[in-house]
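> the following block contains a protein sequence and its predicted model.
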Amino acid sequence: MKTTDVFKLANGVSIPSIGFGTWQIPSGDMAYNSVREALKAGYRHIDTAQAYGNEASVGQAIRDSGIDRSEIFVTSKLPAEIKSYDKAVRRAAFTMKQIGLDYIDLYLIHAPWPWTEIGADYTKENIEVWKAMEEFYESGKTRSIGISNFNVNDINAILENSRIRPMVNQIKLHIGHPQAEITEHCRKNNILVEGYSPLATGKILNNSNIAAIAKKYGKSVAQLSIRYVLEKGALPLPKSTHPEYIRQNIDVDFKITADDISNLDTL
Ligand code: A2P
């Protein structure tokens, strides 16, 4: 697979196979310049969220890039703590206002529970919020909809209670955290898995076992880690604020052997 390749979502929409993650990039110059840099480097897929507080800077960078809007895939997310239909409708409208684009390409429920109550059961509320997501999709303001941080039970509750099925589940996915059960469940249900924190937010960059394997391919640990997510059939969302890293992280057009994938799976 080449980095210029796309995945196809269940509704036929194409999504560029690597996205630029913007979690923890502060709004203002930092987010603006990073997104401009990513677009210059060749990324055509930018991932933000209302909770990141940088939707406005991300939108501005996209508008100023001079790249045709239709060539860029833009994702944002409904904040995790929004668990009613009415609030979801209002917050989706707020995303559109902040980001300043006529439409976005993907809108996700950020998590099945508020971040202050990880693991709490919000099944009933998520089903209600999903109705707002379906209507947002039908309004044409977003070209696809999905979920994030949903486990198998959370996914099933939506599948059993939806008119429009989620097209994406964005989860934390990196070497040492392969999320096999959720990934397999999504594959069976034609839900594309996106992997955030493919570098474990930087924690695996100094791992000597990973470094030894990366060296064989003449690649950095970051590149091997991003490629690993692709080899798992998932879409990586690496984040960086440094131009040289931004460029490096999209230069992952190589194959990891099945043996090395097995080795990496054991780490
Ligand atoms: P920075 O943002 O300072 O450029 P993840 O994508 O898993 O969330 O990891 C992001 C972290 O990894 C950030 O701290 C980022 O640094 C760092 N990082 C991103 N790409 C590289 C790279 N190619 N080499 C080294 N560190 C990187």
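Received, thanks.

> going by C-alpha atoms from here, please, whenever you check contacts or count neighbours.
Fine.

> name the nearest residue to the one residue in the stretch 1-150 of the chain that gets nearest to the ligand, sequence neighbours excluded.
Relative to the ligand, the nearest point of the stretch 1-150 of the chain is residue 21 (6.8 Å; Cα to the nearest ligand atom). Once flanking residues are discounted, residue 21 sits nearest to residue 239: 4.5 Å by Cα to Cα, 6 or more residues apart in numbering.

> isn't that neighbour up against residue 18?
No. Between residue 239 and residue 18 there is no contact under Cα atoms under 8 Å: 10.8 Å.

> contacts only, for residue 71.
residue 44 (Cα atoms under 8 Å, 6 or more residues apart in numbering).

> what about it, distance to residue 6?
Using Cα to Cα, to the nearest Å, residue 71 is found at 12 Å from residue 6.

> go on, residue 161?
Taking Cα to Cα, one finds residue 161 at 29 Å from residue 6.

> do residue 52 as well
25 Å.

> could you do residue 169 as well?
Distance, residue 169 to residue 6, using Cα to Cα: 16 Å.

> who has more neighbours, those two?
More crowded of residue 169 and residue 6, by other Cα atoms under 10 Å: residue 169, with 26 against 15.

> now do the SS call for that one.
strand (DSSP: H, G, I helix; E, B strand; the rest coil).

> is it in a bridge, and if so with what?
residue 147, residue 193 (DSSP bridges).

> touching, it and residue 196? I think so.
No. Here residue 169 lies out of contact with residue 196, judged by Cα under 8 Å, at a distance of 10.5 Å.
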